[in-house]
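S.K.: Dropping the sequence and predicted coords here.
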Amino acid sequence: MVFYFKARPEAGDYTIFMGLDKHENEELIKYGFLEDIWFHVDKMSSAHVYLRMRKGQTIDDISEGNKVNNIDVVYTPWANLKKTASMDVGQVGFHNSKMVRTVRVEKRINEIVNRLNKTKVERKPDLKAEREAVNAAERAERKLHLRDKKRREEMDRLEKERQAEMRSYKGLMVAEKMTSNKQIASENKSLQELEDDFM
């Protein structure tokens with residue numbers, strides 16, 4: 001079971017979610033998105049909470065809220081979470097400790113907690129399928145971008161060839177386009193007619 005919450009509309013269309021227990025946390029760790037930011041109360045047994053950011057946003061775009069007084073909340077991008085076989089269920093480490101931030105929360109803000117609880121929805125998502133769908137969409141987008149890039153490069157190449165052809169003289173001296181003096185003489189045209197043809 002995963003619990004989903006919605007941020008207030010004026011803050012943006014963000015999804016906040018957390019697992020029911022440490023086993024759900026394992027699934028959330030395994031199938032997170034690059035846009036996910038992981039939160040945990042430091043040095044306390046607490047839920048792993050995630051905030052799904054929009055593409056292009058960073059960890060610097062986050063503001064905080066809390067349930068209890070005088071706590072430290074650690075947070076980091078999902079991609080920085082490290083899970084090894086020797087770790088207990090629900091336990092995580094970090095690839096780069098410099099990417100982990102801590103914020104001291106002095107006082108609980110009940111209005112935030114109450115507002116979030118009113119948006120709470122329980123679902124049983126297929127996290128693996130969601131992750132695979134996002135991966136497939138990203139691959140398709142990269143493939144389309146690459147195809148467009150190759151098409152633009154080919155069009156540029158053809159245009160450069162066309163411009164070079166127009167500037168070259170090689171098209172002027174083609175035998176099929178030439179007329180010999182004998183051919184001109186055989187047409188029995190007057191000098192005036194020949195001059196008119198030339199102009």
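M.R.: Yep, it's here. Residues are numbered from 1 along each chain as shown.

S.K.: now the residue most central in space within the chain, what's its secondary structure?
M.R.: In the chain, the residue lying closest to the centroid (CA atoms, centre = their mean) is residue 55, at 5.9 Å. For residue 55, the secondary structure call by DSSP: H, G, I helix; E, B strand; the rest coil comes out as coil.

S.K.: Could I get the pLDDT score of it?
M.R.: Residue 55 carries a pLDDT value of 79.

S.K.: I figured it was touching residue 36, is that so?
M.R.: No: using CB atoms under 8 Å, residue 55 is not in contact with residue 36, being 11.9 Å away. (Each C-beta comes from the backbone N, C-alpha and C, glycine too.)

S.K.: mind giving me the domain ranges of this structure?
M.R.: Here the domain parsing of the chain from automatic domain parsing is 2-125, 126-173.

S.K.: Export those to CSV and append columns for distance to residue 192.
M.R.: Below are those laid out as CSV (distance: least, CB to CB, whole Å):
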stretch, distance to residue 192
domain 2-125, 74
domain 126-173, 26
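
S.K.: gap between residue 5 and residue 149?
M.R.: For residue 5, the distance to residue 149 equals 40 Å [CB to CB, to the nearest Å].

S.K.: quick one, which of those two is more surrounded?
M.R.: Neighbours per residue (other CB atoms under 10 Å) separate residue 5 from residue 149, with residue 5 holding more: 18 against 10.

S.K.: And for the closest residue to the more buried one other than its chain neighbours, the neighbour number?
M.R.: Nearest non-adjacent residue to residue 5, counting by CB to CB, 6 or more residues apart in numbering: residue 16, 4.2 Å away. Residues contacting residue 16 under the criterion other CB under 10 Å number 19.

S.K.: same question, the one 3 residues further on
M.R.: Burial of residue 19 is recorded as 21 neighbouring residues (other CB under 10 Å).

S.K.: per-residue pLDDT, the closest residue to it other than its chain neighbours?
M.R.: Leaving aside its sequence neighbours, residue 19 sits nearest to residue 25 (CB to CB, 6+ apart; 4.5 Å). On pLDDT, residue 25 comes in at 82.

S.K.: so who does residue 25 touch?
M.R.: Contacts for residue 25 (CB atoms under 8 Å, 6 or more residues apart in numbering) come out as 19, 47, 48, 89, 90.

S.K.: wait, what's in contact with the closest residue to the last one other than its chain neighbours?
M.R.: Once its chain neighbours are removed from consideration, residue 90 has its nearest residue in residue 22; the separation is 3.0 Å (CB to CB, 6+ apart). Contacts were defined as CB under 8 Å, 6+ apart; by that measure residue 22 touches 88, 89, 90.
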